[in-house]
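Trainee: What follows is a protein structure lacking sequence information:
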């Protein structure tokens, strides 16, 4: 299964942390090597936004250039709005970008790799799969919520 990687994971992997090991960043590197990663324009924008130094911006833009954006369609925005409204009615808040990620993931049957716990809340009501892996073991997919369980059958 292909994996739509959220901004939170990209940021961990791209952060200048020296030699600090991070399991999520290591897993992203494994997914990249396996050619399983996906990105969308809004995630690229979030990663590039706020980079003050032009040289750092150019370097980051160049590093991300090898990952083509998955095209977005009008239906993705409509689906994201429906997902936003459904979750809000259940008392769960999220950003427009988060729900756009969910909509694209559902349309393409991607898992979502994130460190943002909001996606686990969304999964209680949306048919998304949050990518989970065990360190020192084979990665696996863990569907959350009743919608995801029904979809897996």
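Mentor: Looks like it arrived, so ask away. Only a predicted model underlies this, so the values are computations on that prediction, with no experimental measurement involved.

Trainee: From now on I want contacts and neighbour counts done on CA atoms only, so please keep to that.
Mentor: OK.

Trainee: Strands of this protein, start to end?
Mentor: 3-5, 37-38, 111-113, 129-132, 140-143 (DSSP state E).

Trainee: so can I have TSV of those showing distance to residue 83 and mean pLDDT?
Mentor: Supplementary listing: the strands of the chain in TSV, determined by distance: least, CA to CA, whole Å; pLDDT from 0 to 100:
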stretch	distance to residue 83	mean pLDDT
strand 3-5	17	98
strand 37-38	21	98
strand 111-113	15	98
strand 129-132	14	97
strand 140-143	17	54
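
Trainee: Take those strands and lay them out in CSV including mean neighbour count.
Mentor: As requested, the strands of the chain are arranged in CSV below (neighbours: other CA atoms under 10 Å):
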stretch, mean neighbour count
strand 3-5, 25
strand 37-38, 22
strand 111-113, 25
strand 129-132, 24
strand 140-143, 16
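
Trainee: what's the closest of those strands to residue 46?
Mentor: Each of the strands of the chain was checked against residue 46 via CA to CA, and the shortest separation belongs to strand 3-5, namely 12.4 Å.

Trainee: Which other helices and strands does the closest one contact?
Mentor: The elements that strand 3-5 packs onto, with contact taken as 3 or more CA pairs under 8 Å, 6 or more residues apart in numbering; DSSP states H and E, are strand 37-38, strand 111-113.

Trainee: Neighbouring strands of the shortest one in the sheet, and parallel or not?
Mentor: Using DSSP bridges, the strands paired with strand 37-38 in its sheet are strand 3-5 (parallel).

Trainee: The last one too?
Mentor: Strand 111-113 has these partner strands in its sheet, going by DSSP bridges: strand 3-5 (parallel), strand 129-132 (parallel).

Trainee: Take those strands and lay them out in TSV including distance to residue 87.
Mentor: TSV is the format used below for the strands paired with strand 111-113 (distance: least, CA to CA, whole Å):
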stretch	distance to residue 87
strand 3-5	20
strand 129-132	16
